[in-house]
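Asker: A structural model of the following input is requested.
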Amino acid sequence: MIEDGLSVPEPACWDGPAPYRDHVARDTSARVWGRDTVEFGRVTAFSDGLFSIAMTLLIVEVTVPHLVDKESTRELAQQLADLIPNFVGFFISFAMIGRYWVAHHKMFSVLRGTDYGLIVRNLFYLAFIAFLPFPTALLGDYFGNPLAVVAYAVVAGTVSTLEVVLIRHAWRAKLLRVRVTPAVMRWASIMSLSPVVAFAVSIPVAFASSVAAVVIWFLPLVFGIFTAHRAPAGAEVLE
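Answerer: All right, here's what the predicted structure looks like:
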């Protein structure tokens with residue numbers, strides 16, 4: 001193409017040597033940024049920042065009660081009692097997001113680098129982390145409503161599912177700097193998916209009892225304790 005007397009290449013239709021084209025394709029689709037690069041640091045910094053914001057927003061949803069009689073201890077006690085579901089929702093979600101952050105931190109600690117695939121999957125994962133304060137507010141305001149419990153279970157279960165998607169992509173793309181056997185990966189996937197099963201089971205239970213449904217969410221902790229001795233050799237690298 002000629003513009004103003006200058007020869008300008010046409011990047012959209014340029015047909016260079018095949019080896020060069022293959023190199024460009026590999027460079028853009030399979031690029032891995034190592035742990036010491038700025039790009040890797042930006043991913044971890046962005047992730048940690050979003051986790052901290054999501055955890056902070058949880059308490060924002062718990063508002064200070066407004067009293068008609070500011071000197072009335074009875075009225076304040078009643079207002080605080082009405083906020084108990086909000087407090088419960090806050091501590092449940094804080095524990096959940098804290099657990100997700102620890103798992104996310106552990107996964108990134110064993111990465112040798114990141115690629116586009118992991119970055120995109122990480123964004124989907126973080127989107128649901130950022131969304132978690134909304135079902136938390138629903139749970140606090142409408143604890144006795146089964147749909148509020150269902151909404152929370154669906155969002156939290158999605159986060160746990162995406163957690164498995166992240167680690168399995170890193171494993172398949174050879175982004176891990178530790179040796180992980182197929183048996184160890186299966187074990188890690190089962191442990192990460194156990195909360196998904198608990199959240200799924202809690203959905204029909206919520207229509208009978210919100211309290212029972214919430215109790216079910218904590219059963220994976222018991223499951224992990226009683227099955228720890230069955231972990232395959234080498235599983236400690238992902239713990």
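Asker: hey, let's count contacts and neighbours off CA atoms from now on
Answerer: Noted.
Asker: what are the ranges of the helices in the protein?
Answerer: Secondary structure of the chain (DSSP state H): helices at 18-29, 38-60, 73-82, 84-109, 116-131, 133-141, 146-172, 182-206, 210-216, 219-227.
Asker: Output the contacting helices and strands for the shortest one.
Answerer: Right, the one you point to is helix 210-216. The contact analysis (3 or more C-alpha pairs under 8 Å, 6 or more residues apart in numbering; DSSP states H and E) places helix 210-216 against helix 146-172, helix 182-206.
Asker: Can you mark which positions in it are buried?
Answerer: The neighbour-count check on helix 210-216 (16 or more other C-alpha atoms under 10 Å) flags Ser210, Ala213, Val214, Ile216 as buried.
Asker: do the same with the fourth one
Answerer: Residues of helix 84-109 classed as buried by neighbour count (16+ other C-alpha under 10 Å): 85-87, 89-90, 92-94, 96-97, 100-101, 103-104, 107-108.
Asker: quick one: that helix to helix 146-172, angle?
Answerer: 10 degrees (axes from the mean of the first three to the mean of the last three C-alpha atoms, to 10 degrees).
Asker: circling back: export the helices of the chain to JSON lines and tack on distance to Glu236?
Answerer: As requested, the helices of the chain are exported to JSON lines (distance: least, C-alpha to C-alpha, whole Å):
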{"stretch": "helix 18-29", "distance to Glu236": "32"}
{"stretch": "helix 38-60", "distance to Glu236": "22"}
{"stretch": "helix 73-82", "distance to Glu236": "43"}
{"stretch": "helix 84-109", "distance to Glu236": "11"}
{"stretch": "helix 116-131", "distance to Glu236": "22"}
{"stretch": "helix 133-141", "distance to Glu236": "32"}
{"stretch": "helix 146-172", "distance to Glu236": "15"}
{"stretch": "helix 182-206", "distance to Glu236": "9"}
{"stretch": "helix 210-216", "distance to Glu236": "27"}
{"stretch": "helix 219-227", "distance to Glu236": "14"}
